[in-house]
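**Q** Return a 3D structure for these sequence lines:
(3 chains)
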Amino acid sequence: MTTTTTPAPPAATAPQPERKPPLAFTGLTRRQRLGKWDVKLSPYLYISPFFILFGLIGLFPLLYTFVVSLYDWHLLKGQGDFIGFDNFVAVLGDRFFWNSLGNTLSIFLLSSIPQLACAIVIAAILDQHLRAKTFWRMSVLLPYIVTPVAVSLIFTNMFNEQYGLINNFLGNFGIDAIPWKTETLPSHIAIATMVNFRWTGYNALILLAAMQSVPRDIHESAALDGAGAIRRFLSITIPSIKPTLIFVIITATIGGLQIFSEPRLFDPVTAGGNARQFQTTVLYLWEMAFFRLDFGKASAIAFLLFLIIMAIGFVNFLVTTRIGGSERTAKPGGKIGRTGTRTGTGTGTRKGLTK
Amino acid sequence: MTATTEVAAAVPLAAPPTSPDPRKPRLRRGGGGTFDRRPGFLTYGILGVLLLINVYPLWWSVVVGSRNNQALSSDWPPLLPGGNFWINVGEVMDSIPFWKALGNSLIISGVITVSVVLFSTLAGYAFAKLKFKGRNGLMVFVITTMAIPTQLGIIPLFILMKQWGWTGEIGAVIVPTLVTAFGVFFMRQYLVDVIPDELIEAARVDGASMIGTFWHVAVPAARPAMAILSLFTFMSAWTDFLWPLLVLDATNPTLQTALSQLQSARYVDFSIVLTGAVLSTLPLLILFFVAGRQLISGIMQGAVKG
Amino acid sequence: MRLSRRKTAALIAGTSALILVATGCSGGGESGGGDGEGDVNLTITTFGTFGYDDLYAEYEAANPGITITPNNIDTGGNARTDAFQKIASGGLSDVVAIEEGWLGAIQEVSSEFVDLNDYGAQDIKDNWVDWKFAQGTDAEGRVIGYGTDIGPQGLCYNRTLFEEAGFPSDRESVAELFGGEDATWEKYIELGKQYQAATGKAWIDQASFVWNSMINQLDEGYYTADGELNIEGNAEMEERWAQVNDMIASDLSAGSVRWDWGGGKEFVDGTFATFVCPGWMLGNIKTNLETGGGDASTGWDFADVFPGGASNWGGAFLSVAGSSEHPEEAAALATWLTAPEQQVKQFEAAGTFPSTIEAQETLASEAAPNELFGGAPVGAILASRAQGVTAQYKGPDDSVIQENVFQAVIDQIQSGDLNAETGWAEAMKLTDELVG
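**A** Predicted structure coming up:
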């Protein structure tokens, strides 16, 4: 790919004077004409691989999901009759669909809230003059390299109800075995723990980066005014990492609403527990498509989930815009610009998130 | 297929670095509250506990994976590895095509990474530095699609792959993730600030073609961002599970689907399953110790410009 | 990040090298159809404890040029999902094991499988008990599967635990204790209550296997012989339902996680004293017992008795995928694996009771003792338990009803979320939603 297309023409064909052709000159030389097309077409050439591929493999399947959802479509027998919105009606009236949405949401909340809280605290701890700074940062990031599948296998064993590490441990203190798999809330906590294990440190590093971009002089002057560490943390650090925080939340939402590996592997024998107590929406989609063999309804589930994620994304966008906007005015000296506008060379300049 | 989300989750604040200013005041670092004072025992104590929490599950897997199932039943878990590790490794190798899975994962993640980074840099450069009709509209499109969970299109993709006769082939895993909207956005954000327009003009004036300019001006400038994007793209392709599970089969798996296969084949033999989990983590663990520093600065750089 | 140019270059170079190595590595070994000329690689997917590992090696040794790539899936339920996903994608293994419970669903797409008549099925037809061979034949008379095993049921029990409870413990007395030929579920439950009262411990691991056994014992199960759903208003079934719920309510069930049993340890630590055992379950118990750290001294034994009379639960077939590139070789492998001689070996490895007459007779006459089960002549006992077993019609969604309706509901009753009545109502509703 290094040598592709238009090689730079040999200098000999480009005599010096041509650089600034007198306007009076009529026709353009061949090279100039080529150059003109080069300038005109190149941008489209550069962006076209993305748009073509994205259209074919990203957007088209997603839109075609809607088409499939309008048909009776059996996994093995293929496309059947056009049935309009029957699949949507069926899915919206399906208690397991709502159950799966509830589970997804519950697992999401159980994972994102403690995760963010811990990440903020960890970031604050890391945001000090530590010895062996890189070592501590690496130790925090370590779980990120354990893949979700491996995390699920490890924690699934730890959370076993009989003879699982955690229940064994609790047993030493006279605590009864917790039904991690059979009961709804414990199972959600167990799955959320897997998510938290992998992502907390990661998010902590992101928030740490945000904290470090807070101009230090703000802290110093606040300290001079007699504000304690906690006070400064709450009234300076937290507000200034808010944009980052919101972005973390948005992306966590998009990912969290599509959680699959963890609940799938938590009980490999069932699709989300014997009473579907931890069946998430994508897991239900999978069951509908490959166990119940109904591609039509599975597509309807996929499309509904798509709409829900988009709706949440939109709400997030609105909220972010509002908060970001109010924050800009709240920040002294407007040091933290919200979006793209570069505020000069200042130390606090930061690109916004929503863009 | 989870690429989009995970990368997106990976780099919340896609921001280019500030104008490379060597005189950046050093004291900005370590803003916190305690300023120049070194933190005390409490801080290190908390960090130590954190370290334990993060390391323990892996360590526990090593311990159980080098023993047998009995290691699970004791009230207090054993702390040191036993002598069964290589036996269990043999069992893992018998149960799943481990090397093939590793090779597949490397190819899949590698090809996806090269493709995403190449096309993202090309498009990102065009959006950042070239003028063309429809640029703003198309960029808005890219930004909006970033939030679209394209991985929900698995059902038509599954139908498509069957029609193409690609199921069972690793190509079926590679193709759906060849580009990501996030990658384009990320590169655009980086390049818009990092390359002065004058540099491009100068190159053009010197007679460089458009692609020549891209290659000699944009790519060198984009290298750090390309490295970051590579890391994240590789990670998300490596961890992908649902889609490979659907289109690949047991004889030609990725590391992730092979692992779930192992859980299925050795469902009562936890020690062997955990050995598999440990083995599958080793490649990334090695990479982590070699390039961990870059990964960390990548995440932090991606989050906020440094 | 302040990546120096050198480091960036190194990173990129390293990644590319890694990719190159990987490409090089698998470039060589990837040719799926086999490496040398004329070499054939056959893939086979089984589930649970199939006991084929040694047989594969034997077959490979006897047939140079054939390599076998096996894949085993934990449970029949997951194997079903996998099979349908692979039928849809065209990626079935050359040889696929099919469980009796979802054979009905496979019959609906029987054209996806090779007609074994093309490979000599009629010549070996008489090897099998009639009903087993008939099950593997579709409506058009195409033979789509050779029977591997059938699932006659005997009673597993733990000698040590029986002694502790003051019960007789040798297997003849135990058979008598349960009523011999006239054993009933009432008696079984009554003894369970006595055991529970004496020891405070559970009688069974969890109730859904008992329920499965009860249903499989009926002349008609979830479907009538002509393929109609047969659950709602089925008095016989409701009677059994009451019995199962009686067991749960009387704390006879330990509420274990099936197919897990705490990594097998619950077979060792005395959590439960009896287990309903089709032949293939013995292999499962063996695996669990061993991984759980138990052995012959743990006290499990196998009695020639079963509550409610003869019962057949499960059993499997080997089919050849229509998409196979080597149907002839695959059919030859399936034929060989299901031949009487191999069925005997499979039994020795996994306890699966043969579906061919000759193999059954061999096991009955040899009466080889099984050390793990207290020296019980397991093969002979199963042969005795197989007397009077007949095929029950399995509808297309039999396994769905078994696993996703009744097992799910029974689990919820055991965890206290439902009771006998609400559970039955839930089962009816679920059947309607999942199958209707």
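
**Q** Checking my notes, C:Gly308 in a helix, right?
**A** No - looking at C:Gly308 with DSSP: H, G, I helix; E, B strand; the rest coil, it is coil, so not inside a helix.

**Q** Now do it, the pLDDT please.
**A** At C:Gly308, the model reports a pLDDT of 94.

**Q** Next one: it from chain B, what distance?
**A** 29 Å (CB to the nearest CB, to the nearest Å). C-betas here are computed from N, CA, C, even on glycine.

**Q** you'd agree that residue is up against C:Lys187?
**A** No - using CB atoms under 8 Å, C:Gly308 is not in contact with C:Lys187, being 9.7 Å away.

**Q** where does residue 259 land in three-state SS?
**A** Went with chain A since none was named. coil.

**Q** actually chain C
**A** Quick answer, by three-state DSSP: C:Trp259 is coil.

**Q** Neighbour count for C:Gly308 and C:Lys187, which is higher?
**A** Higher neighbour count among C:Gly308 and C:Lys187: C:Gly308, with 20 against 15, using other CB atoms under 10 Å in any protein chain shown.

**Q** Now for the more buried one: which residues touch it?
**A** Listed by CB atoms under 8 Å, 6 or more residues apart in numbering or on different chains, the contact set of C:Gly308 reads C:Ala183, C:Thr184, C:Trp185, C:Ser213, C:Met214, C:Gln217.

**Q** For chain C, give me its nearest residue in the stretch 101-250 of chain A.
**A** For the stretch 101-250 of chain A and chain C, the shortest gap (CB to the nearest CB) falls at A:Gln162, measuring 3.2 Å.

**Q** neighbours around the closest residue to that residue other than its chain neighbours, how many?
**A** The shortest distance from A:Gln162 to any non-neighbouring residue, by CB to CB, 6 or more residues apart in numbering or on different chains, is to C:Gly262 (3.2 Å). Using other CB under 10 Å, C:Gly262 has 24 neighbouring residues.

**Q** could I get the helix or strand harbouring C:Phe84 in PDB with only the CA atoms?
**A** Using DSSP states H and E, C:Phe84 maps to helix C:76-89. Taking Å, rounded to 0.1, in the frame of the first residue of the first chain, the C-alpha atoms of helix C:76-89 are listed here in PDB:
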ATOM      1  CA  GLY C  76     -28.000 -32.800  25.000                       C
ATOM      2  CA  GLY C  77     -29.800 -29.500  25.200                       C
ATOM      3  CA  ASN C  78     -26.800 -27.500  24.100                       C
ATOM      4  CA  ALA C  79     -26.000 -30.100  21.500                       C
ATOM      5  CA  ARG C  80     -29.500 -29.400  20.100                       C
ATOM      6  CA  THR C  81     -28.900 -25.700  19.800                       C
ATOM      7  CA  ASP C  82     -25.500 -26.300  18.200                       C
ATOM      8  CA  ALA C  83     -27.000 -28.800  15.700                       C
ATOM      9  CA  PHE C  84     -29.700 -26.400  14.500                       C
ATOM     10  CA  GLN C  85     -27.300 -23.500  14.300                       C
ATOM     11  CA  LYS C  86     -24.900 -25.600  12.200                       C
ATOM     12  CA  ILE C  87     -27.700 -26.900  10.000                       C
ATOM     13  CA  ALA C  88     -28.600 -23.300   9.400                       C
ATOM     14  CA  SER C  89     -25.100 -22.300   8.600                       C
END
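
**Q** roughly how far out does that helix sit from the chain middle?
**A** The chain centre lies 15 Å from the centre of helix C:76-89; the measure is CA atoms, centre = their mean, to the nearest Å.

**Q** In the stretch 201-350 of chain A, where is pLDDT below threshold?
**A** For the stretch 201-350 of chain A, the stretches with pLDDT under 70 are A:320-350.

**Q** what about the strands in it?
**A** Counting by DSSP state E, counting those that start in this stretch, the stretch 201-350 of chain A forms no strands at all.
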